[in-house]
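In: Task: produce atomic coordinates for the following.
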Amino acid sequence: MAPYLFLCLFLFFPHLYASFSSSGSHSCSSLIQFKDSFSVTEDVSSYCNDYAGLKSYPKTNSWKEGTDCCSWDGVTCDHLNAHVIALDLSCSWLYGNFPSNTTLFLLPHLQKLNLAYNDFNLSKIPSEFGRFTSLFYLNLSYTGFAGEVPSQVSHLSKLVSLDLSSSVFGEQTIDKHALEGLVHNLTDVRHLFLGGMDMSYVNAHVFMNLSSSLRSLSLAGCDLQGKFPKNIFDLPNLNLLNLGGNQNLNLDPLKLNRSSNLEHLDLSRMSFSTEFIDSVDNLRALKYLDLSGISFFQGLSVSITNLSSLEYLILRGANFFGGLPDSMGNLVSLKFLDLSYSNLSGPVPRSLGNLLQLTHLDLGSNKLSGQIPLSILNLTQLEYLEISENSLEGSIPDEVTAVPNLIYLVLYDNLLNGTLPSWLYTAPSLKGIILSQNQFSGHIKEFQTKSLEYLDLENNKLQGPLPSSIFQLLNLTWLLLSSNNLSGVIEFRMFSNLPNLKHLDLSYNSLSLTSNTTSSVNHILPNVTDLLLSSCNLSEFPQFLKGLKSLESLDLSCNKIEGKIPQWMQEVGNGSLTYLNVSHNSLTEVEHFLWKNIEVLDLSSNLISGNLPIPASTINFFLISNNSFNGEVSSLICNATSLRVLDLSHNNLSGTIPRCFGNLSNSLEFLNLKKNKFYGTIPPKFALGCRLTNFNLNGNLLEGPLIPSILNCRGLEVLDLGNNKINDTFPHWLGSLPFLQVLVLKSNHMHGSLRVNSSKSNPFFSKIQIFDLSSNHFSGALPVRYINSFKAMINLEKIGSTMSYMGVYVQRGSGFYTYSIGIVMKGQYMELVKIFTMWMIIDLSDNQFEGGIPEVFGKLNLLKGLNLSHNNLNGGIPTSIGNLTSLEWLDLSSNRLSGTIPNRLADLPFLSSFNVSENQLHGQIPQGKQFNTFGNDSYDGNKGLCGFPVSKGCNIIEPAPPNVLENDGSKSNIAFGWKVVLIGYGCGVVFGMSVGYVVFQTGKPKWLVNLVENQQEKRRRRKSKKGNRSNRRRRI
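Out: Below you'll find the predicted structure:
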């Protein structure tokens, strides 16, 4: 029998081997053809490395024709039959259209298929996926598939895991019938991930009959509507539930027994009742809870702090409207806590020191105050601590026992002071120290740790030299020390030991940087991308710049560099340079521009003359103000179709303004041609879709009427046409521009009345904040209807109390470019390099207006300056002017006003400049408070006025003063009178100092330089701390 069996096997084996060989060869050929359908591009799988924590690499590069495909990377075979049963090509850099007839479908024995994290270029999922009847695992997540999911996918009844998640909402959709098929047919499914798919037309009730074997369900960001079935929480094996981002999805309060197995719950960015939040404590097995974006109107629910098993709690952007309860210390199993952007106030609870397992704590971007509790810094497992953008004060505790695991300390933008704690220099694991925008003082000491990668101490009060140990931190990639009081001499060769440094900012200190020309240029900062050396006492372009092949941003502004820009500067960065700022130097010549990829170029405030150079077509910001350029502007400049900001102001340019500027307005946001010698007319046509927000032609020789096509610039905020020769009536149609905040038409030849002929009730100039029509020939009554429409000057339309400026944000490099304007403030002309958003000014002086001053001015509660001088106004000064509690200057001089000065004006708390001279006023001048600080020149030419400070006394019978010798209280009375005078005088001094500050600022660069995008965001917050904070916080 045995010989017979052996003979049968011997005869059958060749046929069996041939079958195996044929099957394997066929599968390998199909895989090769599938591979050849795509290109290999690294960027398409970047999500793997950056977010998923997976390693990406081109797996198909190992696939070689003629070799056994069962040994290929990502391929698994059934060794019995040589069938390909599993294919894992996730994170494999595959890019291209997914063929509907791909040879992949010739592998019928596939049981597991993973194509996640590739890019199939918005291809549709082929219906042929339904052929894989043996499939139990299918992952097509984050693959760039688009369109409707075919119903055939729901026929894969053996599926245990299905992932069709999409990173972009709406790219993929699934209709009601296909979804019902999935729920009905996939009876064995355990893991179902459909996040990001458009289910806006699907009733959430469809999920009523999910498989009882389900362990994981993700429907995040699917725009589900209606009420989600409450029985989802009754599924006995459910471990993970993610419904985050479905803002229109409702949930009933949980009524569960204590044996629920749910461990991971994400309900972020949803809306539900307080009762639901309070019922969360029924989920006693919960380890992960994300309620980001939820509003806790009654503070943090105590029910959350009862979840003693919780390890991850994420409440980012949750809006607490209150402080953190001490019961947060009950969550003793917590490892990760994120409460950032949550409107928290009050102190940081010391009870957080009870969370001994905590590794990550983020309390950034709140309103927390007080000091940093020592108990937090003594958490030995803590790796990441962030409490940035709050109002913390005091010093960082120095009594810390040990921080063995701390990797990142992020405390920027607070009120912290004192010296840097000693433990900061010795922490063994520390990689990032981010303490910028505080008030730290003292010297930077020597670092003993060698692990540091990020050191940001800018905008503090640190002083002294840089410690030598900084130049030995071999892993350092960010070194930001700008805006301190650091001093000493630094030679560039000292940076040769920092090969990994990419971002260096030493600007605005008292440092002096020197370059040793004998040093090799290839060994100094070879990998730096952002180099900011503003105000570093440089006298030449450093030679080592020649060796920088990766440089993207370079700031050498506010130095002492003379002469012309050397020719070799054209090669710096090897084509990667996009930002160059050499403003505020003494440069005299620039030959031509060869920076082919430059986006921001600032040559302003130098001594450069000659014809205007034409920038590269890639330019976004071109700034050459305050030079001596002359001649006409070539129309070739309009080839720079990416221009956003063009500032040619304060030069000697002449000729007509190129007509093509009107077409360029589709990209241009800021056009400043101020203080040149342009003549002719304003460009005749602005394109539809014009994007201009600031248009400044002040101080030229322009004539002709205004052009109504400027109404195409619907986003216009500032229009300054002052100091020209424009001959026209008032352009009332400008009042329909919805965002116009500044209108300056001063010193032209404009005439006629400001009467509104339209009977429409639409408001005019509703956003206006500065309205300057001075020094023209306007006549008639003051424009009551316009003044009634100035809603931005009334408290009801208050635009905010934080100090900020009008301007344009720069995407990279320089932060914020501010608008400038020239105004008459308190009788003095001032060129202001920044426009505060809270400045409200009306100047109608030096015209021919007549009639009375309307009472309606008294409604403009936020008005800071009012100038109606040098007109033909008559009647009395309205008592309603006393309502202008923000008023700082009032000039009604050189009119024909009569009557008395209202006593209510003496109660204006900020009035520091007052002029009613050359009128016909009479009676007693109001006394006390600010009026005790005004001189005689405020009242000249009014013969009927009497009382302090004019020499004419008032004929008022007053009781004789008490005898000084007999009344001890008289000294007190006299002292009180002097206190009133001194208080008023003191306010005047404060104002004088403020004006001095503004004048001083006019000499500063208006270009706020900041070359790294993260720094840009931070400096924007320094101007308006609670503004838009989007990306700066994740700078590491």
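In: Check what pLDDT the closest residue to residue 452 other than its chain neighbours gets.
Out: In this structure, residue 452 finds its nearest non-sequential neighbour in residue 473, 5.0 Å apart by Cβ to Cβ, 6 or more residues apart in numbering. Every C-beta, even on glycine, is put in place using the N, C-alpha and C of the backbone. Residue 473 carries a pLDDT value of 96.
In: and residue 473, how many neighbours?
Out: Here the count is done by other Cβ atoms under 10 Å, and residue 473 has 20 residues near it.
In: what about residue 314, how many neighbours?
Out: Neighbours of residue 314 (other Cβ under 10 Å): 19.
In: Return the residues in contact with the closest residue to it other than its chain neighbours.
Out: Nearest residue to residue 314 in three dimensions, chain neighbours excluded: residue 290, at 4.2 Å (Cβ to Cβ, 6+ apart). Counting by Cβ atoms under 8 Å, 6 or more residues apart in numbering, residue 290 touches 244, 265-268, 312, 314-315.
In: Residue 123 against residue 172, yeah?
Out: No - Residue 123 is not in contact with residue 172 according to Cβ atoms under 8 Å; the separation is 11.1 Å.
In: can you list the domain ranges for this structure.
Out: The chain breaks down into these domains under automatic domain parsing: 2-130, 153-252.
In: What are the boundaries of the strands in the stretch 201-350 of the chain?
Out: 216-218, 226-227, 240-242, 249-250, 264-266, 288-290, 312-314, 336-338, 345-347 (DSSP state E, counting those that start in this stretch).
In: Could you report the separation of residue 638 from residue 599?
Out: 17 Å (Cβ to Cβ, to the nearest Å).
In: now the strands: where do they sit in the stretch 801-950 of the chain?
Out: Secondary structure of the stretch 801-950 of the chain (DSSP E, counting those that start in this stretch): strands at 807-809, 816-818, 821-825, 828-832, 841-843, 848-851, 865-867, 872-875, 889-891, 896-899, 913-915, 920-924, 944-946.
In: Give me the mean pLDDT for the first one.
Out: In this model, strand 807-809 carries a mean pLDDT of 55.
In: And for the second one?
Out: Averaging the model's pLDDT scores along strand 816-818 yields 58.
In: what does the last one give?
Out: Rounded to a whole number, the mean pLDDT of strand 944-946 is 95.
In: Repeat that for the third one.
Out: Average pLDDT, strand 821-825: 71.
In: Which other helices and strands does it contact?
Out: When contacts are defined as 3 or more Cβ pairs under 8 Å, 6 or more residues apart in numbering; DSSP states H and E, strand 821-825 packs onto strand 742-744, strand 770-772, strand 828-832, strand 841-843, strand 865-867.
In: For residue 716, list the residues it contacts.
Out: Here residue 716 is in contact with 692-695, 710, 737, 739-740 (criterion: Cβ under 8 Å, 6+ apart).
In: Narrow the residues you listed to those in helices?
Out: Assignment to helices by DSSP state H places none of the contacts of residue 716 there.
In: tell me which of the residues you listed is nearest to residue 751?
Out: Nearest to residue 751 among the contacts of residue 716 is residue 710, at 19.9 Å by Cβ to Cβ.
In: I'd assumed residue 108 was in contact with residue 84.
Out: No - in this structure, residue 84 is not within contact of residue 108 by Cβ under 8 Å, at 9.6 Å.
In: So for the two, which sits in the more crowded spot?
Out: residue 84 (26 against 11).
In: The more buried one falls within a strand, correct?
Out: Yes - Residue 84 sits within a strand when classified using DSSP: H, G, I helix; E, B strand; the rest coil.
In: Could you report the pLDDT at it?
Out: Looking at residue 84, its pLDDT is 96.
In: Report the beta-bridge partner residues of it.
Out: Legend: beta-bridge partners of residue 84 under DSSP bridges are residue 77.
In: Tell me how many other residues surround the residue nearest to residue 611 when sequence neighbours are not counted.
Out: Of all residues not flanking residue 611 in the chain, residue 631 sits nearest, at 4.7 Å (Cβ to Cβ, 6+ apart). Number of residues near residue 631 (other Cβ under 10 Å) recorded here: 14.
In: and the helix or strand that contains residue 631, how far from the chain's centre?
Out: Per DSSP states H and E, residue 631 falls inside strand 628-632. Chain-centre distance of strand 628-632: 36 Å, with Cα atoms, centre = their mean, to the nearest Å.
In: Packing partners of it?
Out: Going by 3+ Cβ pairs under 8 Å, 6+ apart, strand 628-632 lies up against strand 609-610, strand 652-656.
In: Many thanks, have a good one.
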